[in-house]
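1. Return a 3D structure for these sequence lines:
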Amino acid sequence: MTPPIGGARPRNNRRGGGRRRLRPSVNRLPHTEWQAAAQYKAGSRKAEGEVESIRRQASELISSLNNLMTRISRMERGESLSAMVAVVDQQQCIGCGLCLEACSYGAITLKGTSSIDPLKCKGCGDCLNFCRKGAISLSPV
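-> The predicted model follows:
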């Protein structure tokens, strides 16, 4: 077979003509190592979430301890503390959040239904006046 005029070679039927060369895989992990790396990344993301959750819990504990220390120092100075704290009846609470807005001490949290932190509650009774269902009462400490 004689070469065509101009010395061009006949084209292969493949698109782009000629053979494609495969580059050697550089810095690529074998499949099992890739899976292990993916699992490690997923595990580290999960661990980050757990660390954040533990930090929140630690912060809440520090806040509670600070409240206790404040209460102790007030007692040692002879300041009068309320002998009453507010308590929520979970069966009656509808979770409307009115008591949350009424509390000026930040003692009430709302997670479905209201709950009152006895360490923050001063026993003032403001939340009682706002509860439509009568789910909050004062009880002795």
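2. Just read off the phi/psi values of the residue nearest to Ile108 when sequence neighbours are not counted.
-> Of all residues not flanking Ile108 in the chain, Leu100 sits nearest, at 4.8 Å (Cβ to Cβ, 6 or more residues apart in numbering). All C-beta spots, glycine's among them, are computed from the backbone N, C-alpha and C. Backbone dihedrals for Leu100, given as degrees, to the nearest 10, come out at phi -60, psi -40.
3. again with the one 4 residues further on
-> The main-chain torsion angles of Ser104 are listed as degrees, to the nearest 10 and equal phi -90, psi 0.
4. Give the burial count for Glu101, as a bare number.
-> 12 (other Cβ atoms under 10 Å).
5. While we're on it, how confident is the model there?
-> On pLDDT, Glu101 comes in at 91.
6. Let me see the contact set for it.
-> Contacts were defined as Cβ atoms under 8 Å, 6 or more residues apart in numbering; by that measure Glu101 touches Phe130.
7. Go again with 7 Å.
-> The contact partners of Glu101, by Cβ atoms under 7 Å, 6 or more residues apart in numbering, come to none.
8. For Asp126, see how far away it is.
-> Remark: distance between Glu101 and Asp126 (Cβ to Cβ, to the nearest Å) = 10 Å.
9. Chain neighbours aside, what residue packs nearest to Gly125?
-> That would be Leu138: by Cβ to Cβ, 6+ apart, it lies 6.0 Å from Gly125.
10. following the strand or helix carrying Ser115, which helix or strand comes up?
-> Per DSSP states H and E: Ser115 is located in strand 113-116. Per DSSP H and E, strand 113-116 leads on to helix 126-130 as the next helix or strand towards the C-terminus.
11. For that following helix, list every residue counted as buried.
-> Residues of helix 126-130 classed as buried by neighbour count (16 or more other Cβ atoms under 10 Å): Cys127.
12. other SSEs contacting that helix?
-> helix 98-102, strand 136-140 (3 or more Cβ pairs under 7 Å, 6 or more residues apart in numbering; DSSP states H and E).
13. same thing but 10 Å
-> Counting contacts by 3 or more Cβ pairs under 10 Å, 6 or more residues apart in numbering; DSSP states H and E, helix 126-130 packs against strand 84-88, helix 98-102, strand 136-140.
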